[in-house]
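[1] Sequence below, structure please.
(chains A and B)
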Amino acid sequence: MSKSKAQYTEPTTTVVQIETSTALKIIKHASERFPRSASGPLLGFDVHEDVLKVTQSHRFPYSSDDESPYRHKENGRYQEELLEQLKVTDGTIQLLGWYQSSVSGKAFSESLVDSMAYGQLRQSANSVVITVDPSKAQYGVLSLRAFRLTKPFLETFIANDYSVEQLNKVELSFDKVFEELPVQLHNNYLTSLLLAANDEDFYHSTQALEASSLKSKALGTNVETLIDSVDDLNHLYNQLNRKKSTNQEVSLREWLPLCEKINFTAKDVEQQVVSDFLTDSVIRQ
Amino acid sequence: MADTLHIVRPNLLLSSTTTTPVSVTVQSPALFQLVEFSLRSQERIIGTLVGTRSDEDGELVVKDAYIVPHTEEDDILEIEDAQNRAFFNLHKRSNPKDVILGWFSTSDAIDSFTSLIHDFYSKTEQYPPIHLTLSSVSELNSVPKINTYIATTVGASSSLANAIKLEKESNYIFTPIPNKVDFGAQEKTVLNQAAKAVFGESDESVAQLESKSVDLQVLVNAVNQIDLLIDTTLEYIEKVEQGSIEGNEEFARLLLSSLNTNVKSLNLEQAFTSQIQDTLMIEYLTSSIKTQLELSAKLATLA
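    As a prediction, this is how the structure comes out:
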């Protein structure tokens, strides 16, 4: 990103309004993928005064906890093609950021900040990230929150100057990196009718809470993913070790013919390579 | 009897490996999406339904839908197939398991165009498509209602029509099939909030979400609700005892059975402690695994 071109523009919206159908899709996606992460682009309009209208969401093909899904290559392509298609049916709809599942704020990372800065500086000043907590949804609690980077942080980010003087000047502290925006659910009149057709109690999910199996189920899935992750890690370790050992052999084989020419014994070379390897690994550590 | 038309169910016409849909489940996000689509225009909007198909019991689950542009002029119909394909491929990228199930229309009229559009989907899809209509656009104050149909061909099919040099190809007869809307526990959390705007005192279209300590608020609401329930039940019992209203036997039996499972017999404390112990155990295991991993990482670099 060339930092010279980036400029901070004041967002025109302070409230995020999500269509009920879109909110449903987001929750559904997050719950389906739980405990893995889920994410997708948010589409809508920011032309209304003060209100950011999110009218559509889709699913990113690729989601991961480790890096922000927004800047992932494949997701970027997906996003572009999606916008291209939607131009035909939805006219002026535009990209407004993305949503991401976040269990207990897990999504907040450096890469999220980077992508947010990219979104707010490069795409739309009104970009937001919406986090949804699927673990809470399991217990019948809706947690949809919208965040945006603050002006002081973005200015510091553009200047790329994190010195104490600069931080003091713009009055930036750790709790002022993000600002939270109030989130509203918007029903169109048909949605309201549809909702009113059922009794109010219909939507209370207390029945789901009664089943104590739900808790053990959630615990079970957590343990399973934990085991999966450990297996994955183990596999990676093995691969890495194998790679290391083959590397060592290759370098030995490369060196051995040479040592005959320069009167070194094979043992010397081997020692040299091993010590090289050790210092290497020490540095890498 | 003379008025009855006997037609063959499509599954008898097809090979035995494909089953025709017998029931359709519409997931609530798809339903609300369709409702939103229907507001876009007074004209008929059509589009594709995507979701999963179970081969065993012919159950279809509609997960999502998207609009496919089309034009109706006189008796000429144009559907933008390229758009349809492109969008489905996009959808497939993020939902690899989904297939095209059929098509929807935001008008509940079944006319000559319905057959034409259905013909289009029948030709492009391997399985017999379903047709879903949403009745709401014409009448402003009716609750949106979903109808699902499967279609049977009547008359000569295209190859036969060509053979006997008929100008008109086969048509379809639409048979309604049962459908239901699926509200998952997670989706109800959204609907619960959205319904607040509807059932609230001021009739608004917007529901404000709480951002802080949502869990606590839900708990408070739940406790209040239980409190209210107990109050109404007590009131009811008192009235029955006084003889001002007649008691319901079924309700009494229900009360009696719930008395049997009172808190003491459940041994709440024990249940609570065992739950906590389970959680602590998991936490302990997690941290020990973490420590072991860190340790082995250190050892691996030293070795």
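[2] which stretches of the stretch 101-250 of chain B aren't confidently modelled?
    Judged against pLDDT under 70, the low-scoring parts of the stretch 101-250 of chain B cover residues B:136-142, B:155-170, B:200-204, B:211-213.
[3] And residue A:156, what's its pLDDT?
    The pLDDT attached to residue A:156 in the predicted structure is 85.
[4] can you map out the strands along the chain?
    By default, I'm working from chain A. Per DSSP state E, chain A carries strands over the ranges A:13-19, A:39-45, A:50-57, A:94-101, A:128-132, A:144-149, A:178-181, A:183-186.
[5] try again with chain B
    With DSSP E, the ranges of strands along chain B come out as B:23-27, B:46-53, B:59-67, B:70-73, B:76-79, B:99-105, B:130-135, B:145-154, B:171-177, B:179-182, B:206-208.
[6] could I have stretch A:134-153 exported to CSV, CA atoms only?
    Coordinates of each C-alpha in stretch A:134-153 appear next as CSV, following Å, rounded to 0.1, in the frame of the first residue of the first chain:
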residue,chain,number,x,y,z
PRO,A,134,-21.9,-17.8,17.5
SER,A,135,-21.1,-19.3,20.9
LYS,A,136,-23.6,-16.9,22.4
ALA,A,137,-26.2,-17.6,19.7
GLN,A,138,-26.2,-21.2,20.9
TYR,A,139,-27.5,-20.1,24.2
GLY,A,140,-30.1,-17.9,22.6
VAL,A,141,-28.2,-14.6,22.9
LEU,A,142,-27.7,-12.4,19.9
SER,A,143,-24.4,-10.6,19.7
LEU,A,144,-24.0,-8.5,16.6
ARG,A,145,-21.6,-5.6,17.0
ALA,A,146,-20.2,-3.1,14.5
PHE,A,147,-16.8,-1.5,14.7
ARG,A,148,-14.8,1.0,12.9
LEU,A,149,-11.3,2.4,13.3
THR,A,150,-11.1,5.9,14.9
LYS,A,151,-9.8,9.0,13.4
PRO,A,152,-6.8,9.4,15.7
PHE,A,153,-5.7,5.8,15.0
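[7] Can you add distance to chain A and mean neighbour count and give the strands of chain B back as CSV?
    The C-beta positions use only the backbone N, C-alpha and C, and glycine is treated the same way. Listed next are these as CSV, based on distance: least, Cβ to the nearest Cβ, whole Å; neighbours: other Cβ atoms under 10 Å in any protein chain shown:
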stretch, distance to chain A, mean neighbour count
strand B:23-27, 7, 20
strand B:46-53, 9, 22
strand B:59-67, 5, 22
strand B:70-73, 11, 14
strand B:76-79, 13, 14
strand B:99-105, 14, 24
strand B:130-135, 9, 23
strand B:145-154, 9, 20
strand B:171-177, 20, 16
strand B:179-182, 9, 15
strand B:206-208, 4, 17
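[8] could you redo the ones you listed as JSON lines and give each row distance to residue B:91?
    Supplementary listing: the strands of chain B in JSON lines, determined by distance: least, Cβ to Cβ, whole Å:
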{"stretch": "strand B:23-27", "distance to residue B:91": "15"}
{"stretch": "strand B:46-53", "distance to residue B:91": "6"}
{"stretch": "strand B:59-67", "distance to residue B:91": "7"}
{"stretch": "strand B:70-73", "distance to residue B:91": "19"}
{"stretch": "strand B:76-79", "distance to residue B:91": "17"}
{"stretch": "strand B:99-105", "distance to residue B:91": "9"}
{"stretch": "strand B:130-135", "distance to residue B:91": "17"}
{"stretch": "strand B:145-154", "distance to residue B:91": "20"}
{"stretch": "strand B:171-177", "distance to residue B:91": "24"}
{"stretch": "strand B:179-182", "distance to residue B:91": "19"}
{"stretch": "strand B:206-208", "distance to residue B:91": "29"}
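[9] To residue B:278, which of the ones you listed lies closest?
    Ranking the strands of chain B by distance to residue B:278, with Cβ to Cβ as the measure, places strand B:179-182 first at 30.6 Å.
[10] Who are the packing partners of the closest one?
    For strand B:179-182, the packing partners by 3 or more Cβ pairs under 8 Å, 6 or more residues apart in numbering or on different chains; DSSP states H and E come out as strand B:23-27, helix B:28-38, strand B:145-154.
[11] let's go with 10 Å and repeat that
    Under the contact criterion of 3 or more Cβ pairs under 10 Å, 6 or more residues apart in numbering or on different chains; DSSP states H and E, the helices and strands touching strand B:179-182 comprise strand B:23-27, helix B:28-38, strand B:59-67, strand B:145-154.
[12] Parallel or antiparallel, list what pairs with that strand.
    Strand B:179-182 has its sheet partners listed here by DSSP bridges as strand B:23-27 (parallel).
[13] what angle separates the partner strand from strand B:171-177?
    70 degrees (axes from the mean of the first three to the mean of the last three Cα atoms, to 10 degrees).
[14] contacting residues around strand B:23-27?
    For strand B:23-27, the external contacting residues (Cβ atoms under 10 Å, 6 or more residues apart in numbering or on different chains) are A:24-25, A:28, B:32-34, B:49, B:51-52, B:57-65, B:101-102, B:104, B:130, B:132, B:146-150, B:177-184, B:187.
[15] what's residue A:10 in contact with, if anything?
    When contacts are counted by Cβ under 10 Å, 6+ apart, residue A:10 touches A:125-126, A:151.
[16] repeat that for 7 Å
    By Cβ atoms under 7 Å, 6 or more residues apart in numbering or on different chains, residue A:10 lies in contact with residue A:125.
[17] Dihedrals phi and psi, it?
    As for residue A:10, its main-chain torsions (degrees, to the nearest 10) stand at phi -70, psi 130.
[18] Got the confidence number for it?
    83.
[19] mind listing what the residue of the stretch 1-150 of chain B found nearest chain A touches?
    Distances from the stretch 1-150 of chain B to chain A, computed as Cβ to the nearest Cβ, single out residue B:32 as the nearest residue at 3.5 Å. Residue B:32 is in contact with A:20-21, A:24, A:191, counting by Cβ under 7 Å, 6+ apart.
[20] so what's it scoring on pLDDT?
    88.
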